[in-house]
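> A structural model of the following input is requested.
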Amino acid sequence: MSFFRIFDTAGSAMSAQSVRLNTTASNLANADSVSTTPEGAYRAREPVFATIQQGLGKEREGAGVRVTGISESAQPIGSRFEPGNPLANADGYVFTPNVNPVDELVNMISASRAYQNDVEVMNSAKQLMLKTLDLGK
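Purely as a prediction, here's the structure:
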């Protein structure tokens, strides 16, 4: 395995975690929104990751990660009785997103730490390469 593949792998992981952080931020930003209909209510989103494989047969190596799409949560949409809300339906209900702020904060912390770990992998690989170059001095 080439040293440069380390940078490709860590870079793809950083990109995936960045998408995860952005999706989590979008979910948190819409956590308090309401809608007139259940279909119009915001649904929590989550990125779907896949491994990028290189090589054939038994020599296949994991070479990174990519985002294959963004899925919407299948959790039920909530409803609240707010007859004074201008978005309330004829029965006085508004529909709330299925975003759980606690789960989203855990996702954010996890993605942030994974991103930090990927940065450390890149820094360690860089330091090893520099030390290798110093061997010739």
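> where in this structure is pLDDT low?
Applying pLDDT under 70 to the chain flags the ranges 1-2, 54-62.
> all strands of the chain, in order?
45-54, 61-72, 78-81, 93-96 (DSSP state E).
> report the angle between the longest helix belonging to the chain and strand 45-54.
Longest helix of the chain, by residue count under DSSP state H: helix 101-134. If you take axes from the mean of the first three to the mean of the last three C-alpha atoms, to 10 degrees, helix 101-134 sits at 30 degrees to strand 45-54.
> can you give me the buried ones in helix 101-134?
104, 107-108, 111, 114-115, 118, 121-122, 125 (16 or more other C-beta atoms under 10 Å). (Glycine included, C-beta is placed from N, CA and C.)
> most neighbours per residue, which of the strands of the chain?
Comparing these on average neighbours per residue, with mean count of other C-beta atoms under 10 Å, the densest one is strand 93-96 at a mean of 20.
> by contact count, what packs against that one?
strand 78-81 (3 or more C-beta pairs under 8 Å, 6 or more residues apart in numbering; DSSP states H and E).
> other residues contacting the strand it packs on?
Strand 78-81 is contacted by residues 34, 38, 92-98 when judged by C-beta atoms under 8 Å, 6 or more residues apart in numbering.
> I appreciate the help and will end here.
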